[in-house]
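Colleague: sequence below, structure please.
(chains A and B)
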Number of protein chains: 2
Amino acid sequence: MAEFEVKNKQVLFKNYVEGFPKESDMVVTDASTIRLKVPADAPNSVLLKNLYLSCDPVMRIRMRKPGDETSSYFTPYAPGSPLSGHGVGEVVDSGHPDFKEGELVWGITKWEHYTLITQPESLHKIQHADVPLSYYTGILGMPGMTAYAGFNEVCSPKKGEYVFISAASGAVGQLVGQLAKLLGCYVVGSAGSKEKVDLLKNKLNFDEAFNYKEEHDLTAALKRYFPEGIDIYFENVGGKFLDAVLLNMRVHGRIAVCGMISQYNLEKPEGVTNLMCLVYKRIHLQGFTVRDYYHLYPKYLDYILPCIREGKVIYLEDIAEGLENGPSALVGLFSGRNVGKQLVSISHQ
Amino acid sequence: MAEFEVKNKQVLFKNYVEGFPKESDMVVTDASTIRLKVPADAPNSVLLKNLYLSCDPVMRIRMRKPGDETSSYFTPYAPGSPLSGHGVGEVVDSGHPDFKEGELVWGITKWEHYTLITQPESLHKIQHADVPLSYYTGILGMPGMTAYAGFNEVCSPKKGEYVFISAASGAVGQLVGQLAKLLGCYVVGSAGSKEKVDLLKNKLNFDEAFNYKEEHDLTAALKRYFPEGIDIYFENVGGKFLDAVLLNMRVHGRIAVCGMISQYNLEKPEGVTNLMCLVYKRIHLQGFTVRDYYHLYPKYLDYILPCIREGKVIYLEDIAEGLENGPSALVGLFSGRNVGKQLVSISHQ
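Modeller: Numbers count the residues shown, from 1 in each chain, chains lettered A, B, ... in the order given. Next up, the predicted model:
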């Protein structure tokens, strides 16, 4: 690998965001260069060529000004520095004994063509490359583990139970629904367009799906799809959705709170008023983050890889081409423009 | 026991309640009579002389008009009929082979001097009468089991954890705090008067207590009492309290939702806005009702009776004398007038 410096295109974070993020909150620049060699003063590092970058809702949380409640859990981006997030990369140079040039990895990287990873222990090595590499930003990466842990570990699902998933065609939701179907649950998803609803019903094997934008009364819509009530709700949305679901939950129901994307761009979150349902119906409402469950990743791979290879699980991706299209792809998450897992392809192997 | 008819004083429910309940929502009457004998057409029944009646927050929920979300979980009172609730009584006649005249029981009875219990299987026999009988409306009855199940089963407490209890001098809260102290937790309670705060600190062995009415910023108050954050919150109040607590919870904290008394008299509950904390901090928020835990009652008695006898646990009661003072006692719960468990003593053995 050449030791000379190359241009390193980057997406820099401009400044803290209020309300919906805009493309102009980021800037794509060619100003930086990088030497394609692990530097002498960071001997245990790994230099990655980034291939795919993941667009994840949590990135909006990291755009907030430091100092609020969230900062201690999700490190805010530093204005002027590249965004960071999950990605797939190829090792182009390594000073770490566990990583070799040419190996493929996934984990936290930066929004740029080349990234020096100073703590490569946090990276996962990719052992199975017969499936699309991009899947390691989705079904085989953080969102996949999120769906698996959130559904199997948090929701304690049983065959025959009634499962509702919001943002159901997204990176996590589409997999939760398919995991629930494989277990023998009745599964309904909500999404924000006819195209997504059709995909849920016709391609992803959901029993039912509906476009929440066409329902003026979510409580009534859920009653229609779940006349017997909901056993498990996989919460990706928050706010009014949660209120409507609470009214439709069954006794001893479980709600796994994965995220609340409808709330991230609000100055003050919507109030949830139906929490007394938790008492009447003895409901578990449990927030979780995938970081507590990565010890299950090998077990998850053993389960999901055969499902992918045999076509029992399908994964929808929405791939933007080129780092310069990253900001637009990321911003699109918050209007639901993406169909399936949103990612950015920035280099080929 | 005489077979002639006697007057049976009753507290009748007048009509469905909106807002705060008032004494005038109930009426005390002497109009009814009862024959002190199990009638021939209800041969398996038991006739009780009621000794103590319990005033419980859930009774406000039962005053709502049928048809709303709660009706299927808590049967609404019927206008013109006596209130019902937990109480302690003595069997004055029995058609049921398991119950004998003179035995003492606790369970669901009516707000009247004598009550015919047609399904006596639901009653608990009182085996230990060396402790005050009134305790079977409190620490040895439903509120006691609620505290025990909610704390031990729902909160999964560990020695040394930081525990916060709202409505901490009430029927349930005062016991939760003492159970937590016995386990070796750090315990802070909130209550609504200086008298209650003093009792919590000086009589009930809480580490700290504060008067929430004197705190204009609950979030800051909790931060002051829990600089390291809260591991366990025992929720009796709801609304703004829950919002303030969420901001002060620690990672992997647990919230047992026992009730939300601040919300019962509101036409529309306050919105809770800080639910994203559930995700950041991976919090369990679990609603529960004691009815799921009565199988643990014998185990609970084995634990708590020695504690009471040895003075390791103290139980504060606020006893109104006479059925005619029942409505006032019940209404007082919702302004926090009671100090300790509110009950009504209506007859002596």
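Colleague: C-alpha from now on. contacts and neighbour counts both.
Modeller: Noted.
Colleague: what helices or strands is the longest strand along chain A leaning on?
Modeller: Assignment by DSSP state E gives strand A:84-94 as the longest strand of chain A. When contacts are defined as 3 or more Cα pairs under 8 Å, 6 or more residues apart in numbering or on different chains; DSSP states H and E, strand A:84-94 sits against strand A:46-54, strand A:104-110.
Colleague: tell me which strands it pairs with, and in which orientation.
Modeller: strand A:46-54 (antiparallel), strand A:104-110 (antiparallel) (DSSP bridges).
Colleague: could I get the ones you listed in a markdown table, plus columns for mean pLDDT?
Modeller: Listed next are those as a markdown table, based on pLDDT from 0 to 100:
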| stretch | mean pLDDT |
| --- | --- |
| strand A:46-54 | 98 |
| strand A:104-110 | 98 |
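Colleague: looking at those strands, which is closest to A:Thr219?
Modeller: strand A:46-54 (33.1 Å; Cα to Cα).
Colleague: for the next helix or strand after the closest one, the distance to its chain's centre please.
Modeller: Moving toward the C-terminus from strand A:46-54, the next helix or strand (DSSP states H and E) is helix A:58-61. Distance of helix A:58-61 from its chain centroid, counting by Cα atoms, centre = their mean, to the nearest Å, is 10 Å.
Colleague: do helix A:58-61 and chain B meet?
Modeller: No. Judged by Cα under 8 Å from any Cα of the partner chain, helix A:58-61 and chain B are separated, with a smallest distance of 10.6 Å.
Colleague: buried residues in that helix?
Modeller: Judged by neighbour count (16 or more other Cα atoms under 10 Å in any protein chain shown), helix A:58-61 contains these buried residues: A:Met59, A:Arg60, A:Ile61.
Colleague: ok, now which ones touch the residue lying closest to A:Gly336 once chain neighbours are set aside?
Modeller: The shortest distance from A:Gly336 to any non-neighbouring residue, by Cα to Cα, 6 or more residues apart in numbering or on different chains, is to A:Gly192 (6.9 Å). Contacts for A:Gly192 (Cα atoms under 8 Å, 6 or more residues apart in numbering or on different chains) come out as A:Ala167, A:Asn211, A:Tyr212, A:Lys213, A:Gly336.
Colleague: of the residues you listed, which is the nearest to chain B?
Modeller: A:Ala167 (16.5 Å; Cα to the nearest Cα).
Colleague: mind telling me what element the closest one is part of?
Modeller: Using DSSP H and E, no helix or strand contains A:Ala167.
Colleague: please tell me how far it sits from B:Leu53.
Modeller: For A:Ala167, the distance to B:Leu53 (Cα to Cα, to the nearest Å) stands at 50 Å.
Colleague: neighbour count: these two, which is higher?
Modeller: Taking neighbours as other Cα atoms under 10 Å in any protein chain shown, A:Ala167 and B:Leu53 compare with B:Leu53 leading, 34 against 24.
Colleague: tell me the SS of whichever residue of the stretch 51-200 of chain A sits closest to chain B?
Modeller: Proximity of the stretch 51-200 of chain A to chain B (Cα to the nearest Cα) peaks at A:Tyr73, 6.1 Å away. Three-state assignment for A:Tyr73 (DSSP: H, G, I helix; E, B strand; the rest coil): coil.
Colleague: surely it meets B:Tyr280?
Modeller: Yes. Look at A:Tyr73 against B:Tyr280 with Cα atoms under 8 Å: they come within range, at 6.1 Å.
Colleague: neighbour-wise, which of these two wins?
Modeller: More crowded of A:Tyr73 and B:Tyr280, by other Cα under 10 Å: B:Tyr280, with 22 against 14.
Colleague: I figured the more buried one hits A:Thr70, correct?
Modeller: Yes. Shown here, B:Tyr280 and A:Thr70 form a contact pair, counting by Cα under 8 Å, at 7.1 Å.
Colleague: what's the end-to-end length of stretch A:112-125?
Modeller: For stretch A:112-125, by Cα to Cα, the gap between its terminal residues amounts to 20 Å.
Colleague: what lies in contact with that stretch?
Modeller: With contact meaning Cα under 8 Å, 6+ apart, stretch A:112-125 is reached by A:8-11, A:34, A:38, A:42, A:44-51, A:82, A:96, A:103-109, A:323, A:346-347.
Colleague: among the residues you listed, the buried ones, what's the ChimeraX command?
Modeller: Here is the ChimeraX command that selects the buried residues among those (16+ other Cα under 10 Å):
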select /A:8,9,10,11,34,38,44,45,46,47,48,49,50,51,82,96,103,104,105,106,107,108,109,323,346,347
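Colleague: now the end-to-end length of stretch A:276-289.
Modeller: Using Cα to Cα, the gap from the first to the last residue of stretch A:276-289 comes to 25 Å.
Colleague: contact partners of that stretch?
Modeller: A:146, A:150, A:154, A:246-247, A:249-258, B:70, B:73, B:257-260, B:277-289.
Colleague: you'd agree A:Val344 is in a helix?
Modeller: No. Looking at A:Val344 with three-state DSSP, it is strand, so not inside a helix.
Colleague: name the residues of chain A found near chain B, please.
Modeller: Within chain A, the positions near chain B by Cα under 8 Å from any Cα are A:69-70, A:73, A:247, A:257-260, A:268-274, A:276-289.
Colleague: check the gap between A:Ile255 and A:Gly287 for me.
Modeller: 8 Å.
Colleague: these two: which has the busier surroundings?
Modeller: Relative neighbour count places A:Ile255 above the other of A:Ile255 and A:Gly287, with 28 against 25, counting by other Cα under 10 Å.
Colleague: can you pull the pLDDT of A:Gln349?
Modeller: On the pLDDT scale, A:Gln349 is placed at 74.
Colleague: quick one, phi psi at whatever residue of the stretch 201-349 of chain A ends up closest to chain B?
Modeller: Of all residues in the stretch 201-349 of chain A, A:Gly271 sits closest to chain B, at 3.6 Å by Cα to the nearest Cα. A:Gly271 has phi and psi values of phi -80, psi 140 when expressed as degrees, to the nearest 10.
Colleague: same question for A:Tyr212.
Modeller: Per-residue torsions, A:Tyr212: phi -60, psi -20 (degrees, to the nearest 10).
Colleague: is it correct that it is in contact with A:Thr219?
Modeller: No. Counting by Cα under 8 Å, A:Tyr212 does not reach A:Thr219; the two are 10.8 Å apart.
Colleague: what's the local residue count around the residue lying closest to A:Gly141 once chain neighbours are set aside?
Modeller: Sequence neighbours aside, A:Tyr135 is the residue nearest to A:Gly141 in space, at 6.9 Å (criterion: Cα to Cα, 6+ apart). Look at A:Tyr135: counted by other Cα under 10 Å, it has 20 neighbours.
Colleague: A:Tyr135 touches A:Pro143, doesn't it?
Modeller: No. Using Cα under 8 Å, A:Tyr135 is not in contact with A:Pro143; the gap is 9.8 Å.
Colleague: so where is the stretch 51-200 of chain A shaky, pLDDT-wise?
Modeller: Within the stretch 51-200 of chain A, not a single segment meets pLDDT under 70.
Colleague: can you map out the strands along it?
Modeller: Using DSSP state E, counting those that start in this stretch, the strands of the stretch 51-200 of chain A run over residues A:84-94, A:104-110, A:114-117, A:124-125, A:162-165, A:186-191.
Colleague: please save the CA atoms from the last one in PDB.
Modeller: As requested, C-alpha coordinates have been extracted for strand A:186-191 and formatted as PDB (Å, rounded to 0.1, in the frame of the first residue of the first chain):
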ATOM      1  CA  TYR A 186     -49.200 -12.400  14.100                       C
ATOM      2  CA  VAL A 187     -47.400  -9.400  12.900                       C
ATOM      3  CA  VAL A 188     -48.700  -5.900  11.800                       C
ATOM      4  CA  GLY A 189     -46.400  -3.000  10.800                       C
ATOM      5  CA  SER A 190     -47.000   0.600  10.200                       C
ATOM      6  CA  ALA A 191     -45.100   2.700   7.700                       C
END
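Colleague: neighbouring strands - and their directions - for that strand?
Modeller: Assessed with DSSP bridges, strand A:186-191 is paired to strand A:162-165 (parallel), strand A:208-211 (parallel).
Colleague: can you list the ones you listed in a markdown table and add distance to B:Ser328?
Modeller: Listed next are the strands paired with strand A:186-191 as a markdown table, based on distance: least, Cα to Cα, whole Å:
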| stretch | distance to B:Ser328 |
| --- | --- |
| strand A:162-165 | 45 |
| strand A:208-211 | 51 |
